[in-house]
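Q: what shape does this take:
(2 chains)
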Amino acid sequence: MKKNFEEKIRSQRPLMDIDEPDDSLIWEGISRDLNKRKTLRSNFLWKAAAMLIFVTASSYFVYREFLSPRQNIYNITLSDIAPDYAVQVSQFQAQINERWNAFEKVKPQNTGQLKFFFNELDQLDQMYRQYQEDYQQVGNNERLIRAMLDNYEKRVRILDRMLNEIQKQKDNEERQKQTDI
Amino acid sequence: MAKNEPDIHQQLIEKCREGDTKSQYRLYKLYSKAMYNVAIRLLANRMDAEDVLQEAFVAAYRKIGDFRGDSGFGFWLKKIVINHCINFLKSKKVCFVDLDEHHHQIPDWNGEDGDVRFEPETIHECIKSLPDGSRVVLNLFLLEDFKHREIAQMLGISESTSKSQYQRAKMLLHEKLVKYEEKF
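A: Modelled structure (predicted):
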């Protein structure tokens, strides 16, 4: 018996979960939100600890912004390893630079809430360095190239998320101001 | 094995109620892919879907004490994810009523389309490319089994708008799928 269009679609429904979530990123966010709540419930000592984290994060941010060579790591490009990917790499680099420029324009005074993103970026830096070391040892390798491209893409996404978070904070502050008026 | 599954779920849920992080993570891993795909089909944007999924899971863990087990946990969780998706779209001022005169005049297509078979990947991608309003209605009605009355209530539109949007979405999706099949 012929199935009509709706039946065809419905019958494929169980097989339609195709996209893969970025579990590590999402879980990190969930975990952060759940812990934030615990922190709010806790006592004065926790508040003091939060202050300490804020100071550490601020120092860390200053270090990253002015002393760390983080942005330069991407100057040692994948293009050197795999010239076929030069166009893709330069597009990623342009996107990364664009996001950092945007960040410079909207950078909040208090960057404590952005610590999570800086940690993520740091981890990507470490992974990228590891890939470069691997390249020295194993030479050109398709999986390694894919991993490096993926590293670029994740960096762009994290920067997007960070910018989005800053915008959300600004919107909230704006709404708060409107309410106060 | 299958017999033990509900017990394992129940144990995880109980542990989550106590705030056990490992169990929360295990429960997340059990449902993340399915829920993410529900979200991405509704929102058609990877980053938005990830944000909403994060918020939905946090909300679910916070009110997991309210889960009584009348329906399955997956069903309960999916309702939370869908509600968060809809709230997100509303906050983005997505218009669910963008039908013009022409669209209202769409004839009620009976859905007959011969023996053509569509691949699940293609359907998934084509659904994501539908316009906002009709995409949401199609997802809720066709894939998530909500009634037009319920959809109307959830989206703040009339029942007839929900039906028209669905009719439009169904035709658009069919067109896209046929074009895709012809292309490849």
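Q: where are the low-confidence patches of the chain?
A: You didn't say which chain, so I picked chain A. The model of chain A has pLDDT under 70 over residues A:1-3, A:37-46, A:61-83, A:140, A:179-181.
Q: chain B is the one I meant
A: Using pLDDT under 70, chain B drops low at B:1-7, B:98-115, B:184.
Q: give me the most central residue, it.
A: Nearest residue to the geometric centre of chain B (Cα atoms, centre = their mean): residue B:38, 4.0 Å.
Q: surely that one touches residue B:79?
A: No - Residue B:38 lies out of contact with residue B:79 (Cβ atoms under 8 Å); the separation is 10.2 Å. C-beta coordinates here come from the backbone N, C-alpha and C atoms, glycine included.
Q: so which elements touch the helix ranked longest in chain B?
A: For chain B, the helix that runs over the most residues, judged by DSSP state H, is helix B:159-183. On a contact count with 3 or more Cβ pairs under 8 Å, 6 or more residues apart in numbering or on different chains; DSSP states H and E, helix B:159-183 meets helix A:5-12, helix B:101-104, helix B:120-128, helix B:132-138, helix B:148-155.
Q: can you pull the buried residues of the last one?
A: Neighbour-count burial for helix B:148-155, counted by 16 or more other Cβ atoms under 10 Å in any protein chain shown, picks out B:148, B:151, B:152, B:154, B:155.
Q: centre of the chain versus it, how much separation?
A: The chain centre lies 14 Å from the centre of helix B:148-155; the measure is Cα atoms, centre = their mean, to the nearest Å.
Q: ok, that helix near chain A or not?
A: No - judged by Cβ under 8 Å from any Cβ of the partner chain, helix B:148-155 and chain A are separated, with a smallest distance of 13.7 Å.
Q: just read off the phi/psi values of residue B:129.
A: phi -90, psi 0 (degrees, to the nearest 10).
Q: nearest residue to the residue nearest to the centre of chain B in space, please, no chain neighbours.
A: residue B:81 (5.6 Å; Cβ to Cβ, 6 or more residues apart in numbering or on different chains).
Q: chain center to the longest helix of chain B: distance?
A: 16 Å.
Q: host element of residue A:115?
A: For residue A:115, the host element (DSSP states H and E) is helix A:115-138.
Q: try residue A:174
A: Going by DSSP H and E, residue A:174 is part of helix A:142-180.
Q: elements contacting that helix?
A: In this structure, helix A:142-180 makes packing contacts with helix A:78-81, helix A:86-106, helix A:115-138, helix B:46-62, judged by 3+ Cβ pairs under 8 Å, 6+ apart.
Q: show me which residues of the longest helix of chain B are buried.
A: B:161-174, B:176-177, B:180.
Q: swap in stretch A:146-163?
A: A:147-149, A:151-152, A:154-159, A:161-163.
Q: alpha carbons of it, as PDB, please.
A: In PDB, the C-alpha atoms belonging to stretch A:146-163 read as follows (Å, rounded to 0.1, in the frame of the first residue of the first chain):
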ATOM      1  CA  ARG A 146      40.900  17.800  10.000                       C
ATOM      2  CA  ALA A 147      41.600  18.200  13.700                       C
ATOM      3  CA  MET A 148      43.400  21.500  13.100                       C
ATOM      4  CA  LEU A 149      40.600  22.800  10.900                       C
ATOM      5  CA  ASP A 150      38.100  21.700  13.600                       C
ATOM      6  CA  ASN A 151      40.200  23.600  16.100                       C
ATOM      7  CA  TYR A 152      39.800  26.800  14.000                       C
ATOM      8  CA  GLU A 153      36.100  26.300  13.700                       C
ATOM      9  CA  LYS A 154      35.600  25.800  17.400                       C
ATOM     10  CA  ARG A 155      37.600  28.900  18.200                       C
ATOM     11  CA  VAL A 156      35.300  31.000  15.900                       C
ATOM     12  CA  ARG A 157      32.300  29.500  17.600                       C
ATOM     13  CA  ILE A 158      33.600  30.200  21.100                       C
ATOM     14  CA  LEU A 159      34.400  33.800  20.200                       C
ATOM     15  CA  ASP A 160      30.800  34.100  18.800                       C
ATOM     16  CA  ARG A 161      29.400  32.700  22.000                       C
ATOM     17  CA  MET A 162      31.500  35.100  24.100                       C
ATOM     18  CA  LEU A 163      30.300  38.100  22.000                       C
END
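Q: list the contacts for the most centrally placed residue in chain A?
A: Nearest to the geometric centre of chain A sits residue A:158, at 2.0 Å (Cα atoms, centre = their mean). Residues in contact with residue A:158 (Cβ atoms under 8 Å, 6 or more residues apart in numbering or on different chains) are A:25, A:117, A:120, A:121, A:124.
Q: tally of neighbours for the residue nearest to it when sequence neighbours are not counted?
A: In this structure, residue A:158 finds its nearest non-sequential neighbour in residue A:120, 5.0 Å apart by Cβ to Cβ, 6+ apart. Neighbours of residue A:120 under the rule other Cβ atoms under 10 Å in any protein chain shown: 20.
Q: with adjacent residues omitted, what lies nearest to residue 156?
A: As the question left the chain open, I've gone with chain A. residue A:95 (4.9 Å).
Q: wait, chain B
A: In space, residue B:156 is closest to residue B:96, 7.4 Å off (Cβ to Cβ, 6+ apart).
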